[in-house]
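*Asks:* Need a 3D model of the sequence below.
(one chain, ligands or ions: 1)
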Amino acid sequence: MYIPGKSKVPVGVKLHKLSSNESPIGPSPHAVTAISEATSKMEDYPDGSSTRLREAIADVHGLNADHIICGNGSDEILGLLANTYLSSGDEAIFTEHGFLVYRIATLAAGATPVVVKEDDCKADVDAILAAVTPNTKLVFLANPNNPTGTYLPIEEIRRLHAGLTSHVVLVIDAAYAEYVRRNDYESGIEMVSGNLNVIMTRTFSKIYGLAALRIGWAYGPRHMIDALNRVRGPFNVNAAAIAAGSAAMKDKKHLELSIVHNDEWLVKVTDALQALGLKVTPSVGNFVLVHFLEIEGKTAADANVFLTQRGFVLRAVTGYGFPNALRMTIGSEEANLGTLSALKEFLS
Ligand code: PMP
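*Replies:* Here you go, the predicted model:
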C-alpha cells in the first residue's frame, strides 16, 4: 500500500507540510477561477476525452493532442500502463529507490517486479539492461526520480532505449520535469516522438499546484494511447480538473514564478543542510534527500519526531530503502527557514 506524506502535528502548532512534494506557490489564479466556472454545471458528466485539456497541453508543448491521454493523476496512468501491458508471468523493471507506485501497479497487474541496483542513488542503465529477460514488458523510470532527486541525461536514456528490444515499453515518468535546470536533460518528448515503445507521463500535482484535483497526462505513440483509452474508465478526469488543468497549462507566468522560487530555495536549502554537516543527494527536483548521522539520538527517525513536534513534517523514506534519511520538499521561505533552524537545534 502507498502511504502518503504525513500532515499531522501537535494541536496548536502551525503545520508546514514538506512531505508530499506539493507546491508552496499553489495553483495559477486562472485555474482557481476556472474551477468555480466548472461548478455551475455539476449535474453533467465531464467530457470523457478531456479534449480541452489535451488540446491545451498539446498547444503549449507543441504536440499532437491525439497522442495524449489524461488521467486521474499520473498514478492512474501508471496503473493503466501496468494493466494494459502486464499480466501473470510478465516482468516490470524499476530501480531500487524508484517511485513506489511502480511496484504497486506491477503487483496489482499480477506481474513480477524486478528491482535493480542503483549507482550512488542514480539509475544505472547497464544494471537495468542486464535485468531484461524475454518476460520483460515494461521498464519504469522516473526522471528525475523521487525520492532521490537524481536524473539521467538524455544520452543515457537514449542508450537505455537502444538496449531494449521493441517488445519492451519504456515508461519515462517525468513528474518533476519542469523543475530541472540542466542542459543535458530532456523530459522524454523527443524519445516518444521518435519511437513506438516509449511513453512519457506528467503531472499537474507538483509545479502546477493542483495535486488535490488529480490530473496527470501521458504522451505516447498512437497505438499505446489507443490501448490505454480502451482500458481507462469512461470519465476518468472530472470537469473541475479539466477546466483548471487547461487554465493552469496556459499560465506561463505562474509556472515561471514556481520555477524561480524552486531554483532559489533548492540551492539555499541544499547548502544550508550541508553546512549543518548532513549529506544531501544532489537534486534537480523540488525536494532533497537528507541523510542523517548514525549516532544515537541524531538519526532520521529522531529528527522526524523533533521536527514534527515543531510543525515541520518531512517524509520518512524507509520504504524507499533509506532507513536513515528524510525527504524534504522545497517549501515556502518560512517553512524552509523554520525547518533549517529546527534541524540546527536538533543537531546541536
Ligand atoms: N511519479 C512520481 C515520480 C511522483 O513522485 C509522483 C507523486 N508522488 C507521481 C508520479 C504521481 O503523481 P500524481 O498521481 O499526483 O500525478
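*Asks:* Ramachandran angles for residue 326?
*Replies:* Per-residue torsions, residue 326: phi -130, psi 150 (degrees, to the nearest 10).
*Asks:* Specify the beta-bridge partners of it.
*Replies:* residue 290, residue 316 (DSSP bridges).
*Asks:* Run through the helices of the stretch 201-348 of the chain in chain order.
*Replies:* Listed in chain order, the helices of the stretch 201-348 of the chain (DSSP state H, counting those that start in this stretch) span residues 222-231, 239-250, 252-275, 300-309, 333-347.
*Asks:* Taking helix 333-347 as reference, get the angle to the fourth one.
*Replies:* So the one you mean is helix 300-309. Relative orientation of helix 300-309 and helix 333-347, computed by axes from the mean of the first three to the mean of the last three Cα atoms, to 10 degrees: 130 degrees.
*Asks:* Check which helices and strands helix 300-309 sits against.
*Replies:* Counting contacts by 3 or more Cβ pairs under 8 Å, 6 or more residues apart in numbering; DSSP states H and E, helix 300-309 is packed against strand 315-316, strand 325-329, helix 333-347. C-beta here means a position set from N, CA and C on the backbone, and glycine is covered the same way.
*Asks:* now for the longest one, which elements pack on it?
*Replies:* The contact analysis (3+ Cβ pairs under 8 Å, 6+ apart) places helix 333-347 against strand 16-17, helix 252-275, helix 300-309, strand 312-313.
*Asks:* which stretch among the helices of the stretch 201-348 of the chain comes nearest the ligand?
*Replies:* helix 239-250 (10.9 Å; Cβ to the nearest ligand atom).
*Asks:* now do the same end-to-end measure for stretch 118-134.
*Replies:* For stretch 118-134, the first-to-last residue distance is 22 Å (Cα to Cα, to the nearest Å).
*Asks:* same question for it, mean pLDDT?
*Replies:* Average pLDDT, stretch 118-134: 98.
*Asks:* how distant is that stretch from the center of its chain?
*Replies:* 20 Å (Cα atoms, centre = their mean, to the nearest Å).
*Asks:* and residue 149, what is it in contact with?
*Replies:* 281-285, 287-289 (Cβ atoms under 8 Å, 6 or more residues apart in numbering).
*Asks:* Tell me the one among the residues you listed nearest to residue 127.
*Replies:* residue 281 (17.9 Å; Cβ to Cβ).
*Asks:* Excluding chain neighbours, give the residue nearest to that closest one in space.
*Replies:* Leaving out its chain neighbours, the residue that sits closest to residue 281 by Cβ to Cβ, 6 or more residues apart in numbering is residue 289, at 4.3 Å.
*Asks:* follow-up on the earlier one: from the contacts of residue 149, which is closest to residue 102?
*Replies:* After measuring the contacts of residue 149 against residue 102 - Cβ to Cβ - the closest member comes out as residue 285, at 17.0 Å.
*Asks:* what's the pLDDT at the closest residue in space to the closest one that isn't next to it in sequence?
*Replies:* Spatial nearest neighbour of residue 285, chain neighbours left out: residue 176 (4.0 Å); criterion: Cβ to Cβ, 6+ apart. In this prediction, residue 176 carries a pLDDT score of 98.
*Asks:* Could you do residue 317 as well?
*Replies:* For residue 317, the predicted pLDDT is 97.
*Asks:* same deal with the one 10 residues further on?
*Replies:* Among the per-residue scores, residue 327 holds a pLDDT of 98.
*Asks:* residues contacting it?
*Replies:* Applying Cβ under 8 Å, 6+ apart, the residues contacting residue 327 are 19, 146-147, 287-290, 314-315, 317.
*Asks:* go with 6 Å
*Replies:* Going by Cβ atoms under 6 Å, 6 or more residues apart in numbering, residue 327 touches 147, 287, 289, 315, 317.
*Asks:* coming back round to it: looking at the helices and strands packed on helix 300-309, which is nearest to residue 271?
*Replies:* helix 333-347 (10.0 Å).
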